[in-house]
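In: Sequence first, then the predicted structure, then my questions.
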Amino acid sequence: MDKIEAAKEKFESLMEEQLKRIERLKSEADFLDFKSLEQIVIGVVGGDGIGPAITAQAAGIIADLLKDDISSGKVSVKNIEGLTIERRAAEGKAIPDDVLEELKECHVILKGPTTTPQAGSPWPNVESANVAMRKELDLFANVRPVRVPELGIDWTFYRENTEGAYAVGSKGFDVDEDLALDFTVATTQGTRRIIKAAFEFAKASGKTRVTAVTKANVIKTTDGKFLRIAREIAKGYPGITLDEWYIDIMTAKLIDAKRRTQFQVLVLPNLYGDILTDEAAEFQGGVGTAGSANIGKRYAMFEAIHGSAPRMVEEGRAKYADPSSIIRAAAMLLNHIGYAEESDKLTKALDICAKEKAVAMTGREDGASSDEFSKYLLKTIARL
Ligand code: IPM
Ligand code: MG
């Protein structure tokens, strides 16, 4: 077949898939009301590398903080096995079917980091499990808070999580040996809901500014749409100012000590959100210290923003891996399902432990183990 015809066919199927997705988005239900549930099911997925070790620490802390409601049956914590790179590679699937089914039986999920293969790595180039889970469970808002009080930094990122360059990131194609194409996707429904979520958060938490970050001067169609919808939605929030930045200058302004304290809530397409949140987390002590909430209307998943650190496992250092990031994610999970007080305590204790460092982790034998760190954290909570 002519190569252009072959490429057209592939492109056609991408468009069909996205148009179908839009139909689903049009009829999506509202956010789940956790108060109305008889039982809240928390799924715990260890992931790869250091994932199982640090996730077990975070799950242990949840079990401790919710022990009464777990014993009464109000909350159930369920371990989900099998989201490993070995199984994903063997099945050639980002999420094995049985694992996906189990995930869908939960209301919220705590997930350890999973290995993301890339072209040329020893693993088959299957889609990232994170990205697949965000899409399968329609977790459209990736909420990443970064706080450094002593620098006046208090940012909350609302990263769009199901569209942009990620929507069909594993479905680009080589038209021939010289021409490779990838695609980026923006839908009206998908863009509206993330921008609305950012404004709603701003309104609920007394913030006065929402910053939309795009590259609408160059990526005119999809980013242009994002910006246009941001302006439209901003009109419904008279007490909140929308300001507009391009991603390149935004990365620079985050290191401008005067300017950066003015940012409050930032809303941005998927890939820019991926990049900017790593930079932002660095001010707080690195990606190992930040948690990430992936929120959808029905499901929500909470994860560390760092990777699976396979080298730590190879060198026998998994038990020295810092569980702070996944524990921060656990704190966000608790808040999401209605345990605001427990969540607050856990966040405060994490802040205290990070500063006080009575039990310090180095990632190696000369520092504390993650188990020792968790005990220190629980003791800190007890003295709050
Ligand atoms: C993140 C990660 C993921 C992403 C990777 C692991 C696929 O970097 O959660 O930010 O790019 O979204
Ligand atoms: Mg990232």
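Out: Nice, I can see it. Residues are numbered from 1 along each chain as shown. Ligands and ions are numbered 1, 2, ... in the order given.
In: drop to CA atoms for contacts and neighbour counts, all remaining ones
Out: Noted.
In: got the buried residues for stretch 109-129?
Out: Neighbour counts over stretch 109-129 (16 or more other C-alpha atoms under 10 Å) mark 109-117, 123-129 as buried.
In: near ligand 1, which of these show up?
Out: The subset of the buried residues of stretch 109-129 within reach of ligand 1, by C-alpha under 6 Å from any ligand atom, is 116, 128.
In: Which of the buried residues of stretch 109-129 sits closest to residue 372?
Out: Nearest to residue 372, judged by C-alpha to C-alpha, of the buried residues of stretch 109-129 is residue 112 at 19.1 Å.
In: Could you pull up the contacting residues of the closest one?
Out: 45, 46, 47, 48, 51, 52, 54, 55, 303, 304, 308, 326 (C-alpha atoms under 8 Å, 6 or more residues apart in numbering).
In: could you redo the last one with a cut-off of 6 Å?
Out: Residues in contact with residue 112 (C-alpha atoms under 6 Å, 6 or more residues apart in numbering) are 46, 47, 51, 55, 303.
In: pLDDT at the fourth one, what is it?
Out: Looking at residue 55, its pLDDT stands at 97.
In: Over to residue 136: give its phi and psi.
Out: Backbone geometry at residue 136, expressed as degrees, to the nearest 10, gives phi -60, psi -40.
In: typed the wrong thing, it's residue 295
Out: According to degrees, to the nearest 10, residue 295 has phi -110, psi 130.
In: neighbours around it, how many?
Out: 24 (other C-alpha atoms under 10 Å).
In: dump the residue contacts of it.
Out: Contacts for residue 295 (C-alpha under 6 Å, 6+ apart) come out as 139, 141.
In: Look at stretch 360-379 and report the distance between its end residues.
Out: Using C-alpha to C-alpha, to the nearest Å, the end-to-end distance of stretch 360-379 comes to 15 Å.
In: from the contacts of residue 112, which single one is nearest residue 144?
Out: When the contacts of residue 112 are compared for distance to residue 144 (C-alpha to C-alpha), residue 303 wins out at 10.3 Å.
In: how would you label that closest one: helix, strand or coil?
Out: Residue 303 carries the three-state label strand when classified by DSSP: H, G, I helix; E, B strand; the rest coil.
In: partners of it in the sheet?
Out: As for beta bridges, residue 303 partners with residue 111, residue 292 under DSSP bridges.
In: so how many other residues sit close to the nearest residue to residue 124 once chain neighbours are set aside?
Out: Nearest residue to residue 124, sequence neighbours excluded (C-alpha to C-alpha, 6 or more residues apart in numbering): residue 89, at 6.0 Å. Neighbour count for residue 89, taken as other C-alpha under 10 Å: 17.
In: buried ones in the host helix or strand of residue 89?
Out: Here residue 89 sits within helix 85-91, counting by DSSP states H and E. The neighbour-count check on helix 85-91 (16+ other C-alpha under 10 Å) flags 85, 88, 89 as buried.
In: pLDDT (mean, whole number) over the helix or strand just after it?
Out: Using DSSP H and E, the helix or strand that directly follows helix 85-91 along the chain is helix 97-104. Regarding helix 97-104, the rounded mean pLDDT is 98.
In: Send me helix 97-104 as PDB with only the CA atoms.
Out: Output of helix 97-104 as PDB, limited to C-alpha atoms (Å, rounded to 0.1, in the frame of the first residue of the first chain):
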ATOM      1  CA  ASP A  97      -6.400  -7.300  32.300                       C
ATOM      2  CA  ASP A  98      -6.800  -8.900  35.700                       C
ATOM      3  CA  VAL A  99      -4.900  -6.100  37.400                       C
ATOM      4  CA  LEU A 100      -7.100  -3.500  35.600                       C
ATOM      5  CA  GLU A 101     -10.200  -5.300  36.800                       C
ATOM      6  CA  GLU A 102      -9.000  -5.300  40.400                       C
ATOM      7  CA  LEU A 103      -8.100  -1.600  40.100                       C
ATOM      8  CA  LYS A 104     -11.700  -0.900  39.000                       C
END
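In: Which per-residue confidence value corresponds to the residue in the stretch 151-300 of the chain that ligand 1 sits nearest to?
Out: Closest to ligand 1 within the stretch 151-300 of the chain is residue 274: 4.7 Å, counting by C-alpha to the nearest ligand atom. Listed pLDDT for residue 274 reads 95.
In: Leaving out sequence neighbours, find the closest residue to it.
Out: Distance criterion C-alpha to C-alpha, 6+ apart; nearest residue to residue 274, sequence neighbours excluded, is residue 159 at 7.4 Å.
In: sorry, back to before: take the contacts of residue 112 and lay them out in CSV including distance to ligand 1 and neighbour count.
Out: Listed next are the contacts of residue 112 as CSV, based on distance: C-alpha to the nearest ligand atom, whole Å; neighbours: other C-alpha atoms under 10 Å:
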residue, distance to ligand 1, neighbour count
46, 15, 25
47, 12, 25
51, 13, 29
55, 16, 26
303, 8, 27
